[in-house]
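Colleague: One predicted model, sequence on top.
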Amino acid sequence: MIEFRHVSKSFGDKPVLVDIDLVLKDHEITYIIGTSGTGKSVLMKHAVGLLRPDSGRILIDSKDMTDASEEEWYQVRRRYLMVFQHPALFDSMPVIGNVALPLMKHYKLDRRKAYAEAMNYLQMVGLDEKAWKLPSEVAITERKKVSIARALAVQPQCIILDEPTTGLDVYSSASIDKLIMNLAHELKKTVVVISHDLRSILNVAQRVVLLYKGKVHLDGEPKDFLATKDPIARQFMRGEAHGPMET
């Protein structure tokens, strides 16, 4: 469970998060949504200790981590793992090697055992047939899946996905959506998704949190967002260029 208690963060004179009070529950698919620059990624970087708040507290599984050491955060990141928008894969290493790397580093497995385990994780994301290809030889959707397989290899309890469907076509996005649901329902992972993909939000999310001007503007189920009369939320959900978000 991730708790943000009155968290604020500014960069220079620009406030990005303003008094965020939010609890992200275990075993739930939560989408953090909002327009570009509204603080979605900044918020979740606080959840893994990549950023520290100017004020407020960050609690992970009820433990206050706000002033924790880097070593303490390192242990949290093994359980709460953030997968960034652009897959950071080693180009000179085959797909299976990228997935096996954390198994060798964190669990000290030898190469043979690590590669056997990595193949299991590639099967989970449907990429076992591409195991020996280089990242440059597979599609962007598949590279994103490799990143998720590598994250699974660390056996986290929570996976945070930063814009996983950005830049993908509808078919590829649907493939990622299916994987997200499998992570939650089959593998029993807590999944937090940073996104502005309306189709994905409505098809996958169990809970949706809309950030606007650095604050939690609306928090509820997808059906609540479809039924809302709030003008900000309605404009976002309709994908309209004109409306109160302009002001």
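Modeller: Perfect, I can see it now. It should be emphasised that the depicted structure is a prediction, and the values quoted were computed from it without experimental measurement.
Colleague: how about low-confidence regions in this protein?
Modeller: Per-residue confidence for the chain (pLDDT under 70) gives these ranges: 246-247.
Colleague: To which secondary structure element is the residue lying farthest from the centre of the chain assigned?
Modeller: Residue farthest from the centre of the chain, counting by CA atoms, centre = their mean, is R112 at 30.2 Å. Taking DSSP states H and E as the definition, R112 sits inside helix 111-124.
Colleague: Could you list every helix and strand in contact with that helix?
Modeller: The helices and strands touching helix 111-124, judged by 3 or more CB pairs under 8 Å, 6 or more residues apart in numbering; DSSP states H and E, are helix 95-106, helix 140-153. Yep, even glycine has a C-beta here, placed from its N, CA and C like the rest.
Colleague: returning to that earlier point: ok, now which ones touch the residue farthest from the centre of the chain?
Modeller: Residues touching R112, when contacts are defined by CB atoms under 8 Å, 6 or more residues apart in numbering, are absent altogether.
Colleague: Going along the chain, name the helices of this structure.
Modeller: In the chain, the segments counted as helices under DSSP state H are 40-47, 70-79, 95-106, 111-124, 140-153, 170-185, 198-204, 222-227, 231-238.
Colleague: which one of these lies closest to S10?
Modeller: Smallest distance to S10 across the helices of the chain (CB to CB): 10.2 Å, for helix 40-47.
Colleague: partners of the residue nearest in space to the middle of the chain in the sheet?
Modeller: For the chain, the residue sitting closest to the mean C-alpha position, by CA atoms, centre = their mean, is L161 at 1.9 Å. Taking DSSP bridges as the rule, L161 bridges to V83, V193.
Colleague: re the thing from before, now the helix holding R112, how far from the chain's geometric center?
Modeller: Taking the mean C-alpha point of helix 111-124 and that of its whole chain, the gap between them comes to 23 Å (CA atoms, centre = their mean, to the nearest Å).
Colleague: List the contacts of the spatially closest residue to V204 that is not a sequence neighbour.
Modeller: With CB to CB, 6 or more residues apart in numbering as the measure, D177 is the residue that lies nearest to V204, at 5.0 Å, once sequence neighbours are left out. Neighbour list for D177: 165, 200, 203-204 [criterion: CB under 8 Å, 6+ apart].
Colleague: wait, V95 sits on S136?
Modeller: No. Because the distance of 10.5 Å does not satisfy CB atoms under 8 Å, V95 is recorded as not touching S136.
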